[in-house]
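>>> What follows is a protein structure lacking sequence information:
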């Protein structure tokens, strides 16, 4: 039980970080980058918090129609976001 709570808390915290970075990138009009971070938040939160996932899904829906996106796998999105954060 304790391990599961730790994993859930870690996923929740990472989701917040991805979400906040995505929001900041949106304000800078960097929509493609924002989409990647918001999508990562959605992927994480959809596993542990449907209400939070729905909030992110609403944001994704707003910007998806403006973008030409490749279909990135979950791992590719995670790798992209991690590299972006490192730089």
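Structure's in. What do you need? Everything numeric in this text was worked out from a predicted model, so none of it was measured.
>>> Report the next helix or strand after the lowest-mean-pLDDT helix or strand in the chain in sequence order.
Within the chain, judged by mean pLDDT, DSSP states H and E, the helix or strand with the poorest mean is helix 2-27; its value is a mean of 87. Using DSSP states H and E, the helix or strand that follows helix 2-27 in sequence is helix 31-48.
>>> Would you quantify the distance from residue 84 to residue 35?
Distance, residue 84 to residue 35, using CB to CB, to the nearest Å: 12 Å. Where you see a C-beta, it was placed from the backbone N, CA and C, and this is true even at glycine.
>>> correction: residue 77
9 Å.
>>> where in this structure is pLDDT low?
1-5, 69-70 (pLDDT under 70).
>>> on that earlier part again, more crowded one of residue 84 and residue 35?
residue 35 (22 against 13; other CB atoms under 10 Å).
>>> Ramachandran coordinates for residue 29?
Here is the backbone geometry of residue 29 (degrees, to the nearest 10): phi 60, psi 30.
>>> contacting residues around it?
Neighbouring residues of residue 29 by CB atoms under 8 Å, 6 or more residues apart in numbering: there are none.
>>> again with residue 60
By CB under 8 Å, 6+ apart, the contact list for residue 60 reads 35, 38, 39, 42.
>>> Check the burial of residue 26 by counting its neighbours.
Residues within reach of residue 26, counting by other CB under 10 Å, total 18.
>>> That one touches residue 32, doesn't it?
No: applying CB atoms under 8 Å, one finds residue 26 not in contact with residue 32, separated by 10.7 Å.
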